[in-house]
Every structure is written in C-alpha cells, then in structure tokens.
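Chemist: Requesting a structural model of the entry that follows:
(one chain, ligands or ions: 1)
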Amino acid sequence: MTKSGNGNPKENAGYKAAEYVRDGMIVGLGTGSTVAFTMDRLAERIKGGLRITGVPTSIQTAMKARERGIPLASLDDVSQIDLTIDGADQIDPSLMLIKGRGAAQVRERCVADASKRLIIVADSSKLCDQLSGPVPVEVIPFALGHVTRKLEQMGGVVVVRDGVKKDGPVLSDNGNIILDYHSGPIKDPQALESEINNIPGVVGCGIMAEFSDIMTVIVGENDDCRILG
Ligand code: 5RP
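Modeler: All right, here's what the predicted structure looks like:
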C-alpha cells in the first residue's frame, strides 16, 4: 500500500501513475475518467518544468490533453512509447483486461503495443476473479450483420451500443460501430480474444490478454493505492 489519500479512488490511482513519468518520456495517454486525473497531475508537473510528449488514444483524450497544455504527437510520429497509462473496465488476477467502455480499445491496443511499459489505473470495483464482459467489439459498418450473427453463434448476446442521444449507434474515432458482446463468464480470455478478433469485419475487441508482462496495475482505494504486477 502507498499512502496518497484524498477519498477518491480514481483520483488516487490517476495521481499515483503520474509519479512514474520521468523527464523526456514519450507517454501514451489512455482514455477515461481515471486517466484524466493522471493528465491533471502531469499538467501541474509540466508547469513545474517536466518535459514530456503525450500520445493520445482517442480524440477525447487529445482534447483533454490540449486543454491541460500537454504537448502531443501521434503514434505515427514516434518509434516507441516509454510508458502508457490507461484505464480498464475489468481486471482479473492474471492481469488480463477488458477495456473499451469509452469505445477506444482499438487505438488503446495500438498504443499499448508500441509501449515499453503499461500502467493500468483503476478503482477496486474493476478487480474481478474472472472476466465476464460485456466485451466491446469494434466492427466495420459493412460487416455489422455478419459479425453479429457470428458472435450469436458463439453463444452470447449482442447489443449495438447506442449513441448518447439514442439516435444511432456509437461510432468509434475510426468511424466504426461498437457492439457489446455479453458472453457470460470468460473461461479462457486469450482464446475468446483470438476468436472474436479473427471474425472478418472485426477491427478489435476489448479483451487484452497479451500485455501482462509489461503491466503494472495501480488500484485506487479511498485513501491508498495498491500496486499489482
Ligand atoms: C476506454 C477504456 C477506459 O480506459 C475504461 O473504460 C476505464 O474508464 P474509466 O477510467 O472512466 O473508468 O477502456 O475505451
């Protein structure tokens, strides 16, 4: 346990992660409310002289970073990322993840894959004994019906994620549709990740089983953080 303590678990985790950032680093910036706290802290440190370049995983994160004065580059502009800080929706004991409530899992996976180290920030409600979904799945519009049928044949329930105003599906930053695949308890996350990602028309799903070797998880509590991995 490390003491940071302000009663907000997401804020504690987000702030703690910012301590891992060193001068000169290229930093992958994940998407979501927990990483927003990390960006708050990084912005303060930048005012104090820290020099970093952020690589955002979504338009939303890019906007938040610009508001905070964090210099940005695109993934194309960098050959490697020193450290990425991102959120998660479910985390199992082997540090396998489900991501994508913010519909950014495809870009988040690209940025994680380019990173030497990945820090996941979350509150303890995200920890689970077994991943259970729903699993966000980004699908090209052309293949919506095809992918839906394939996922239903795998035994789960498919829900097209509605837009905020309920007037159409959520579109990812890549212009694709987001499905939520309700699989029930996931016995073998790696196998399900491959099975979903291998359906033609799927751009990427939110199961991330391959990053545990570069990952540290910072779990925010009311007054502390726990470090896993
Ligand atoms: C976005 C994500 C987010 O990182 C995840 O949904 C966690 O968000 P929050 O920190 O707001 O709980 O995967 O695609």
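Chemist: C-alpha only now, for contacts and for neighbours.
Modeler: OK.
Chemist: Make sure residue 61 is indeed in a helix.
Modeler: Yes. The assignment for residue 61 (DSSP: H, G, I helix; E, B strand; the rest coil) places it in a helix.
Chemist: mind listing what the nearest residue to it once chain neighbours are set aside touches?
Modeler: Spatial nearest neighbour of residue 61, chain neighbours left out: residue 31 (5.7 Å); criterion: Cα to Cα, 6 or more residues apart in numbering. Counting by Cα atoms under 8 Å, 6 or more residues apart in numbering, residue 31 touches 56-58, 60-61, 86-87, 102, 104, 108.
Chemist: and residue 31, backbone torsions?
Modeler: phi -120, psi 140 (degrees, to the nearest 10).
Chemist: separation between it and the ligand?
Modeler: Distance, residue 31 to the ligand, by Cα to the nearest ligand atom, to the nearest Å: 5 Å.
Chemist: Determine the longest helix present in the chain.
Modeler: In the chain, with assignment by DSSP state H, the single longest helix is helix 33-47.
Chemist: Is whichever helix or strand comes after that helix positioned near the ligand?
Modeler: Downstream of helix 33-47, the first helix or strand assigned by DSSP states H and E is strand 53-56. No. Judged by Cα under 6 Å from any ligand atom, strand 53-56 stays clear of the ligand, getting no closer than 11.7 Å.
Chemist: shift numbering so it begins at 110
Modeler: Got it, the first residue is 110 from now on, which makes the last one we talked about strand 162-165.
Chemist: and strand 162-165, how far out from the chain's middle?
Modeler: In terms of Cα atoms, centre = their mean, to the nearest Å, the gap separating the centre of strand 162-165 from the centre of its chain is 14 Å.
Chemist: Can you tell me what sits against stretch 243-260?
Modeler: Contacts for stretch 243-260 (Cα under 8 Å, 6+ apart): 207-210, 212, 214-215, 266-267, 281, 284-293, 305, 308-316.
Chemist: What about those residues, which are in helices?
Modeler: Among the contacts of stretch 243-260, the residues falling in helices (DSSP H) are 214-215, 305.
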